[in-house]
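1. take this sequence and fold it.
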Amino acid sequence: MIRKFTAAATAALMIATPALAGSMDKDIVDTAAAAGSFNTLLAAATAAGLVDTLKGDGPFTVFAPTDDAFAALPEGTVEALLADPEALAGILTYHVVPGAVMSTDLVDDMKAGTVNGAEITIDLDDGVMVNDATVVAADVEASNGVIHVIDKVILPPES
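-> Next up, the predicted model:
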């Protein structure tokens, strides 16, 4: 199962943008900012008051939706969330798992507790999925954790 994930992650990394290179010198926020495709995520983290936390010691694993993932939400959703920092924080913390979880740590159908308190499910049957989002780049290392890029915004239960 791990080999299946590693092969899928390797394939995903080959098509990922070259600008998304990890750096043990940059924290999660600075790594995401340098990539240039996480502007909405970073604006949301700022609005929710989570930037200092994500720049903290960690380690954290962030399943990071791209700008395109946020753009795919129904019209007005991002603006409504930016106006509701508490709801926004609940959604963003659902994308964060305590600890540094690398692709080689994942097992098919595993559950992982998020900072939000709810669990996400990892599925390796059809590529690498986190709930209903596909991992498009894995194991982007930062000084305080790791980023796995996903193609959708995942919503916690009852959001």
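
2. which strand is the longest one in this protein?
-> Counting by DSSP state E, the longest strand found in the chain is strand 133-142.

3. quick check: mean pLDDT of that strand?
-> Strand 133-142 comes out with an average pLDDT of 96.

4. partner strands of the next helix or strand after that strand and their direction?
-> Sequence order places strand 145-150 as the next helix or strand after strand 133-142, per DSSP states H and E. Here strand 145-150 is paired, per DSSP bridges, with strand 60-65 (parallel), strand 133-142 (antiparallel).

5. what about strand 145-150, distance to the chain center?
-> The chain centre lies 5 Å from the centre of strand 145-150; the measure is CA atoms, centre = their mean, to the nearest Å.

6. low-confidence ranges, this structure, go.
-> Along the chain, segments meeting pLDDT under 70 span 1-23, 159.

7. which residue ranges of it form strands?
-> Listed in chain order, the strands of the chain (DSSP E) span residues 60-65, 96-98, 110-113, 119-123, 129-130, 133-142, 145-150.

8. dump the strands paired with strand 145-150 to JSON lines, plus distance to Thr114.
-> C-beta coordinates here come from the backbone N, C-alpha and C atoms, glycine included. Output for those, formatted as JSON lines (distance: least, CB to CB, whole Å):
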{"stretch": "strand 60-65", "distance to Thr114": "9"}
{"stretch": "strand 133-142", "distance to Thr114": "13"}
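
9. which of these is buried the deepest?
-> Among the strands paired with strand 145-150, strand 60-65 has the highest mean neighbour count (mean count of other CB atoms under 10 Å), at a mean of 25.

10. okay if I get the strands of the chain as JSON lines plus distance to Thr53?
-> Listed next are the strands of the chain as JSON lines, based on distance: least, CB to CB, whole Å:
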{"stretch": "strand 60-65", "distance to Thr53": "8"}
{"stretch": "strand 96-98", "distance to Thr53": "9"}
{"stretch": "strand 110-113", "distance to Thr53": "17"}
{"stretch": "strand 119-123", "distance to Thr53": "18"}
{"stretch": "strand 129-130", "distance to Thr53": "20"}
{"stretch": "strand 133-142", "distance to Thr53": "14"}
{"stretch": "strand 145-150", "distance to Thr53": "11"}
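
11. mind checking those strands for the one nearest to Ala34?
-> Closest to Ala34 of the strands of the chain is strand 133-142 (CB to CB; 10.1 Å).

12. so how far is the closest one from its chain's centroid?
-> Using CA atoms, centre = their mean, the offset of strand 133-142 from its chain centre is 7 Å.
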